[in-house]
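**Student:** only the shape, not the letters, is given here:
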């Protein structure tokens, strides 16, 4: 029987790292979007700064999350062709990671150039990205058995 708190069990489980890591970019991005919407509404720079750093950390955290997702596919399914929910989860996951990085890049450019012009279309992009991130996580829940069908 495996020890649920054993380091060896945690590090050698074939997909456990992805399941653990995925919570960081999801939470950081959604918190960043909430901070940015509040910053836009209240015009408080401290909230805009909090949004920026949440987006930065979400973009950084999405890289190992996507890598471990691809590794889980290779280890669990031995690289077989994907279809159905798993394929959709992969496509949405890659799109989510790219959009998270684009949102951070827009904020980084706006901060560097001291301009608000780029941020005008950023709020709708953040909303779209948040929806895609949540949909990707929802599909992942079905794949992991957390959200059973029916």
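**Tutor:** That came in fine, so what should we check first? Remember, it's a predicted structure, so these values are computed and weren't measured experimentally. Residues are numbered from 1 along each chain as shown.

**Student:** residues of the biggest helix by length in the chain that come out buried?
**Tutor:** Of all the elements of type helix in the chain, the one with the most residues (DSSP state H) is helix 45-77. Of the residues in helix 45-77, those buried under the neighbour-count criterion (16 or more other CB atoms under 10 Å) are 47-48, 50-52, 54-62, 65-66, 68-69, 72-73. Where C-beta positions appear, they are placed from N, C-alpha and C, glycine not excepted.

**Student:** before we move on, what about stretch 34-48?
**Tutor:** 34-37, 39-40, 47-48.

**Student:** regarding residue 82, what is its secondary structure?
**Tutor:** Recorded secondary structure, residue 82: coil (DSSP: H, G, I helix; E, B strand; the rest coil).

**Student:** hang on, isn't it packed against residue 74?
**Tutor:** No - applying CB atoms under 8 Å as the test, residue 82 and residue 74 come out as separate, 11.1 Å apart.

**Student:** could you find the closest non-adjacent residue to residue 99?
**Tutor:** With sequence-adjacent residues excluded and distances taken as CB to CB, 6 or more residues apart in numbering, residue 99 is closest to residue 129, at 4.2 Å.

**Student:** what packs against the longest helix of the chain?
**Tutor:** helix 16-21, helix 23-42, helix 84-113 (3 or more CB pairs under 8 Å, 6 or more residues apart in numbering; DSSP states H and E).

**Student:** so for the shortest one, what's the average pLDDT?
**Tutor:** In this model, helix 16-21 has an average pLDDT of 78.
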